[in-house]
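Trainee: Build me a model from this:
(chains A, B, C and D)
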Amino acid sequence: MRIHEYQAKKILSEYSILVPPGFTVLSENELEEVANTLGFPLVVKAQIHGGGRGKARGIRIVRTIEELRSEVRSLLGKRLVTSQSGEEGKYVGKVLVETFEEVKEELYLAILVDRDVEGIRLIASKKGGVNIEDVFREDPSLILTELIDPRYGLLPYKIRRVFFSLGLDFALLEPFSALCEKLYRAFLEKECLLCEINPLAHVPNKGFVAIDAKMVIDDNALFRHKDLAEMYDPTQEDSRELNARASGINYVRLKGNVGCVANGAGLAMATMDLVRMAGKEPANFLDVGGGATKEMVSYGLRLVHSDENVKVIFVNVFGGILRCDTFAMGFKDASPHIYKPVIMRLSGTNAEEGLRIVKETGSAIIVRDLKEALEKLKEIKV
Amino acid sequence: MRIHEYQAKKILSEYSILVPPGFTVLSENELEEVANTLGFPLVVKAQIHGGGRGKARGIRIVRTIEELRSEVRSLLGKRLVTSQSGEEGKYVGKVLVETFEEVKEELYLAILVDRDVEGIRLIASKKGGVNIEDVFREDPSLILTELIDPRYGLLPYKIRRVFFSLGLDFALLEPFSALCEKLYRAFLEKECLLCEINPLAHVPNKGFVAIDAKMVIDDNALFRHKDLAEMYDPTQEDSRELNARASGINYVRLKGNVGCVANGAGLAMATMDLVRMAGKEPANFLDVGGGATKEMVSYGLRLVHSDENVKVIFVNVFGGILRCDTFAMGFKDASPHIYKPVIMRLSGTNAEEGLRIVKETGSAIIVRDLKEALEKLKEIKV
Amino acid sequence: MSILVDETTKVIVQGITGREGAFHTERMLEYGTKVVGGVSPKKRGQTFLGIPIFGTVSEAVRETGAQASCIFVSPMNAKDAIIEAVDSGIKLIVCITEGVPIHDMLIVKNLIREKGVILIGPNTPGVISPERCKIGVMAGHIHKRGNVGVISRSGTLSYEVVSQLTDLNIGQSTCVGIGGDPVVGMRFVDVLELFEKDGETEFIVLIGEIGGSMEQEAAEFYKKSMSKPMCAYVAGYGAPREKKMGHAGAIIMGEKESAEAKIEALESSGIFVVRSLAEIGETVKRLLYS
Amino acid sequence: MSILVDETTKVIVQGITGREGAFHTERMLEYGTKVVGGVSPKKRGQTFLGIPIFGTVSEAVRETGAQASCIFVSPMNAKDAIIEAVDSGIKLIVCITEGVPIHDMLIVKNLIREKGVILIGPNTPGVISPERCKIGVMAGHIHKRGNVGVISRSGTLSYEVVSQLTDLNIGQSTCVGIGGDPVVGMRFVDVLELFEKDGETEFIVLIGEIGGSMEQEAAEFYKKSMSKPMCAYVAGYGAPREKKMGHAGAIIMGEKESAEAKIEALESSGIFVVRSLAEIGETVKRLLYS
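Mentor: As a prediction, the model looks like this:
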């Protein structure tokens, strides 16, 4: 689960990591007070999930109350389109107004779960303030990493190894170590997949300051972090995906026009692949799940059908725990609402009974196997 | 480092482990208020380091204010002699006055560092309230233990393993697990060598209550536990041992009359062994340490000499980091105060120079080697 | 032979009295799996379908001599259950549970490596050596005993593939679902190593998907250390970045985690990559008999 | 041959610029030990007695090829220093530091076991193969090259014993101080195993003391797995219970931790136990040439 910058900074503050003084603003009325408290120059930052805010003018420096007002007005309540947001953009429900810190050198610091080595990785670079993947592509030697075994924790020597390669003044070893230890504690206790401070600045007379912060929390761990679960911001997601999830269905909206419905995440991905094999583009990923009821099936079908881009629906079900007859009953329930063509492949447990029920509705083009499905997908005009 | 029962209970309370309501009392003046607050019956417990209080009448149940007064009066400021205290007894500077809990079943629960397996051990028994070593001798099957790997922590299944063997009602699994987890956290965070609750009682409508508690903290870890270091109670130790420690000298008073002075803990022990080989009893263990100065040597010699039991002093030094000439200078400094006979063996680094200095003082019977030392020890009348 | 499990494997079920645990224990017994005990602290001392229920795994192992365990506990208890199994002498652990926190798995994975125990999953359908032993939740009847080893990160995809094989009368030696989470016990390479050594397995089908780099690892291992013919399929071609595709582990976090990158790695190691799910069965048939 | 260290062993010193570290580095160099580098974050890039100082152990290992490390850091930094050494590829670690918290050592000991690295200490004088290599703080000149292996929990006692041996013209193959703390790296049995295999060692002297049960462990191991002659001495006969005798580890917490119990165990395993410290040298001479 992504959280907003202001939320991540609040967590970092709890671990006594310095962040610029600032306020989260929900309406223009608060601006005068904020400006009086903080003083200028200030920076206005749109709170959306996903990067690319800088280039999309989601981050703006202001020097007067008028500038502050107009910049906040132009962001708050609007949708901000960035390189990562998709063309519909992300809703800006809050802006963060912070003291603008003049910094000379921007560093990068992150701790993340590295699935390839099945461990935790500390990453630092003296080239912060930019996308770390770009830095890695251009000059991997600028990126320093250390693996952390959670059984032994983040030991001081690992931090020293990274620190020496950063080429900072030796006097900064102690505050840098303290910073890393705090960040690791936050990472561990909040069960993050990623804690990133980028840029990280060293401000004289203050110490290390997290200018920007990103946190991704393990969805699977939210059951033991009520406070974090409450940080979830539904405005940052596609409302269809949200509704689907509320019904226990995995749905991801894509850009094509062939709606896909399958059971099981793997089969749902493979279903999209088949659509592409046929030279078409899938409109979505949809997995009704192994334990789906006919209500969930019906809901999933109507959800896909309701997408205006969808011209045809490809149903690909291999019955197991979800039996084909249960699926067919769900299809039958949905069928009065379905007028777009449906190509349906039903195999596995209780396939015969399922096919009988589907046939009765008369609302589907039934195919015997995936090969025939592929042919039908190729034939159909969308 | 041992701490008192009332201190251990305070720590357990911080981890929300239940203890009987009570007050630590330093003077009789407080008793009326304590009695009014708690009500009778109460239990009065002398706060001394070391067990055996029960049989030594260091723990007394009282039912009236008069009883309370007289029992507290008979303990406070006195020395309590128990089976473990030595004949001089232990000073009772504080008494703990607690609500008396009527309990049916007394359990035992402890977590300790087990040096043999180099791990942490959880120990439980349904036979609490008595010395656990006695239980073990009589019927080891009554004692259940689980090893804890600190890298993985105390996991629920380990607690279940112990719990099922205790034969308690299943409904108590959850509170018992919570108790064990709290105790483990206290053990770990306070860097204990031992956390023992004996007896542990299950009081209906309350839960598990620590009727008595014992904690031993790792001396070597005190540098990172200022709060614990402050719990140190010098009244519980021999004042000579205390003074010696303050001067950097390891000294343990024993019952014999041959004073021993050596450098290095191993050699100091072996020196005592030699005294015993000669049919005599050592009056002390004394290790001036490898990095001793002549001042420390002088102090150590005078300390041993000042023990009224000591009739003769056996000095056994093997010069290494502490050179024999340094030792001899210390001896020279002390010699004006020394009138009891001294048998001295000086070997190793700068032995010749050391022996020359010692000879000048004329205050020691110098022996060539340990064999001759042994003979001299045998000969001498004490 | 087969890998991991066979007709002699004695299995206990941790969480046997839960809904899932009870249902699938019955299915496993029907299939002929030697389920010899269950663990459920609450129902200690009772029986289920004639199988004794124990309070702890160590008790179950002591009383039944089980070597394998199938875990159905809740996500919050999975770490404890796996470590309990390891600590009690279980040598093969199949963790069905979906939704285990990743920080728990990081700890577990270190333990597994340290102790040399085999863990399959979590978030896996399990492992089956057809007609001999099934530890998990897959439908037994679609499988058939034979010489093709199947490894998959996805449950439904492996059912699909197995069913295509069985329909073409191609049996399987063992089918292993390694699980759909980012951090799992056995990785592709661990299973491949066993298949390579197994006398019964003549051909291997690997079913990968987006996310992580286990397919690249497998490709490298294949090139260096394997001789048996193998084909692969990778789900999620053209999937968008940073979007979770159902499985917790099916998310593209960088270029190399895409299906395209994986397919390229597999092909460059000489592994035949099937592009269409529809053709896996036939491809295996063609390659197996060529 | 010798065990653990010889003239080829390349050593770095962690904490080389501290008072103790600097002093003993000079002594080690004088003795002929190949000290090839030092570690001191603060003095990174400088040299000490011509030896380069590095900021991290990994850097030191990379630049010098050291296999062994001698640690002189403060008690609060010992855990970090040992784990850094392990993680940087050091195979033999000698930790001189006295006063390391026991909870730190419990973690370290698990790591050591997991990684198969050798740790001597903490709270040890170190290890010496006379006239070849000395890693530690013992006086080199009292040692003499020869065929007796010496193991001890106490520094001064081993000096005493070694000196008696050398005075009788009996040399030592290797002398190992395992350290006086309750939890140490190598235990008696670990060293005994090496001595048993070592071609140079013909006789072994073991110097135990009260506390713990390492002597019993050694007795059992001797009976089961050793053929070389050996004698032992145990310090602290008749010492009182629950009183720490100098060493953190020299404290009797139960009957079996007394010198009496240890002596009994050693004797019943056929090990000759010398009762008087005065006679160890002569006893070795008698047993060695009998």
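Trainee: Walk me through the domains of the chain.
Mentor: Since no chain was named, I'll use chain A. With domains defined by automatic domain parsing, chain A comprises A:21-99, A:106-229, A:239-379.
Trainee: that's the wrong chain, I meant chain C
Mentor: According to automatic domain parsing, the domains of chain C span C:10-120, C:138-288.
Trainee: Looking at these, which is nearest to B:His202?
Mentor: domain C:10-120 (18.5 Å; Cβ to Cβ). Backbone N, C-alpha and C define where each C-beta goes, glycine included.
Trainee: contact partners of the strand or helix carrying C:Glu59?
Mentor: Assigned by DSSP states H and E, C:Glu59 belongs to helix C:57-64. Contact partners of helix C:57-64, identified using Cβ atoms under 8 Å, 6 or more residues apart in numbering or on different chains, comprise B:157, B:161, B:164, C:10, C:12, C:14, C:36-39, C:52, C:54, C:66, C:69, C:81, C:84-85, C:87-90.
Trainee: Where helices are concerned, which of those residues count?
Mentor: When DSSP state H is applied, those are split such that B:Tyr157, B:Arg161, B:Phe164, C:Ala81, C:Glu84, C:Ala85, C:Asp87 fall in helices.
Trainee: and which of the residues you listed is nearest A:Ile365?
Mentor: A:Ile365 has its nearest neighbour among the ones in helices among the contacts of helix C:57-64 in C:Ala81, at 46.1 Å by Cβ to Cβ.
Trainee: That closest one against C:Ile12, yeah?
Mentor: No. With contacts counted by Cβ atoms under 8 Å, C:Ala81 stays clear of C:Ile12, the gap being 11.1 Å.
Trainee: Tell me which of the two has more neighbours.
Mentor: Taking neighbours as other Cβ atoms under 10 Å in any protein chain shown, C:Ala81 and C:Ile12 compare with C:Ile12 leading, 30 against 27.
Trainee: Enumerate every residue touching that one.
Mentor: Taking Cβ under 8 Å, 6+ apart as the contact definition, C:Ile12 lies against C:35-39, C:54, C:57, C:60-61, C:64, C:66, C:68-70, C:90.
Trainee: Can you select the buried ones from the residues you listed in ChimeraX?
Mentor: Only the buried entries of these go into this ChimeraX selection, using 16 or more other Cβ atoms under 10 Å in any protein chain shown:
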select /C:35,36,37,38,39,54,57,60,61,64,66,68,69,70,90
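Trainee: centroid residue for chain C?
Mentor: Centrality entry for chain C: nearest residue to the mean C-alpha point is C:Gly177, 2.6 Å, by Cα atoms, centre = their mean.
Trainee: Let me see the ranges of the strands in the stretch 1-150 of chain A.
Mentor: A:22-25, A:42-46, A:59-62, A:79-80, A:90-91, A:95-99, A:106-114, A:119-125, A:143-148 (DSSP state E, counting those that start in this stretch).
Trainee: Of all the ones you listed, which one comes closest to chain D?
Mentor: The minimum distance between chain D and the strands of the stretch 1-150 of chain A falls on strand A:143-148, with 9.3 Å, by Cβ to the nearest Cβ.
Trainee: From the contact counts, what lies against that closest one?
Mentor: In this structure, strand A:143-148 packs against strand A:119-125, helix A:132-138, helix A:156-166, with contacts taken as 3 or more Cβ pairs under 8 Å, 6 or more residues apart in numbering or on different chains; DSSP states H and E.
Trainee: Check these for me: which has the lowest mean pLDDT.
Mentor: Sorting those by mean pLDDT places helix A:132-138 lowest, at a mean of 84.
Trainee: Counting by contacts, list what that one packs against.
Mentor: Partner elements for helix A:132-138 (3+ Cβ pairs under 8 Å, 6+ apart): strand A:106-114, strand A:119-125, strand A:143-148.
Trainee: right, and C:Ser158 touches C:His143 too?
Mentor: No. With contacts counted by Cβ under 8 Å, C:Ser158 stays clear of C:His143, the gap being 9.9 Å.
Trainee: what touches both of those two?
Mentor: Contact criterion Cβ under 8 Å, 6+ apart; residues shared by C:Ser158 and C:His143: C:Cys175.
Trainee: more neighbours, these two?
Mentor: Applying other Cβ under 10 Å to C:Ser158 and C:His143 shows that C:Ser158 carries more neighbours, namely 29 against 25.
Trainee: What are the contacting residues of stretch A:316-325?
Mentor: Contacts to stretch A:316-325, defined as Cβ under 8 Å, 6+ apart, come from residues A:260-264, A:267, A:270-271, A:274, A:288-292, A:297, A:327, A:344-351, A:353-355, A:357, A:370, A:373, C:137-139, C:155-156, C:159-160, C:163.
Trainee: Repeat the analysis, applying 7 Å as the threshold.
Mentor: A:262-263, A:267, A:271, A:288, A:290-292, A:327, A:345-351, A:353-354, A:357, A:373, C:139, C:156, C:159-160, C:163 (Cβ atoms under 7 Å, 6 or more residues apart in numbering or on different chains).
Trainee: Figure out how far that stretch is from the centre of its chain.
Mentor: From the chain centre to the centre of stretch A:316-325 is a distance of 30 Å (Cα atoms, centre = their mean, to the nearest Å).
Trainee: That one: end-to-end distance?
Mentor: End-to-end distance of stretch A:316-325 (Cα to Cα, to the nearest Å): 14 Å.
Trainee: quick one: the strands in the stretch 101-250 of chain C?
Mentor: Using DSSP E, counting those that start in this stretch, the strands found in the stretch 101-250 of chain C span residues C:118-120, C:126-129, C:133-136, C:145-152, C:172-177, C:203-209, C:230-235.
Trainee: The fourth one - what's its average pLDDT?
Mentor: So that's strand C:145-152. Here strand C:145-152 scores 97 as its mean pLDDT.
Trainee: Quick check on the contacts of stretch A:316-325: which are buried?
Mentor: A:262-263, A:267, A:271, A:288, A:290, A:292, A:327, A:345-351, A:353-354, A:357, A:373, C:139, C:156, C:159-160, C:163.
Trainee: Can you report how many residues neighbour the closest residue to chain D within the stretch 51-200 of chain C?
Mentor: Closest residue of the stretch 51-200 of chain C to chain D, Cβ to the nearest Cβ: C:Glu114 (5.5 Å). Neighbour count for C:Glu114, taken as other Cβ under 10 Å: 16.
Trainee: which residues does it contact?
Mentor: D:Glu114.
Trainee: Averaged pLDDT, the helix holding C:Glu59. What do you get?
Mentor: Across helix C:57-64, pLDDT averages out at 97.
Trainee: now that helix and helix B:156-166, what's the angle there?
Mentor: Helix C:57-64 runs at 60 degrees relative to helix B:156-166, counting by axes from the mean of the first three to the mean of the last three Cα atoms, to 10 degrees.
Trainee: coming back round to it: including mean neighbour count and distance to A:Val97, could the helices and strands packed on strand A:143-148 go into CSV?
Mentor: Below are the helices and strands packed on strand A:143-148 laid out as CSV (neighbours: other Cβ atoms under 10 Å in any protein chain shown; distance: least, Cβ to Cβ, whole Å):
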stretch, mean neighbour count, distance to A:Val97
strand A:119-125, 21, 28
helix A:132-138, 14, 26
helix A:156-166, 22, 31
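Trainee: Format the ones you listed as TSV; extra columns: distance to A:Gln7.
Mentor: Below are the helices and strands packed on strand A:143-148 laid out as TSV (distance: least, Cβ to Cβ, whole Å):
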stretch	distance to A:Gln7
strand A:119-125	22
helix A:132-138	21
helix A:156-166	26
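Trainee: Any idea which of the ones you listed gets closest to B:Pro282?
Mentor: Per Cβ to Cβ, nearest to B:Pro282 of these: helix A:156-166, 44.1 Å.
Trainee: got the buried residues for the helix or strand following the closest one?
Mentor: The helix or strand immediately downstream of helix A:156-166 is helix A:173-189, counting by DSSP H and E. The neighbour-count check on helix A:173-189 (16+ other Cβ under 10 Å) flags A:Leu173, A:Phe176, A:Ser177, A:Leu179, A:Cys180, A:Glu181, A:Lys182, A:Leu183, A:Tyr184, A:Ala186, A:Phe187, A:Leu188 as buried.
Trainee: Touching, the second one and A:Arg161? I think so.
Mentor: No. Between A:Phe176 and A:Arg161 there is no contact, the gap being 11.9 Å when judged by Cβ atoms under 7 Å.
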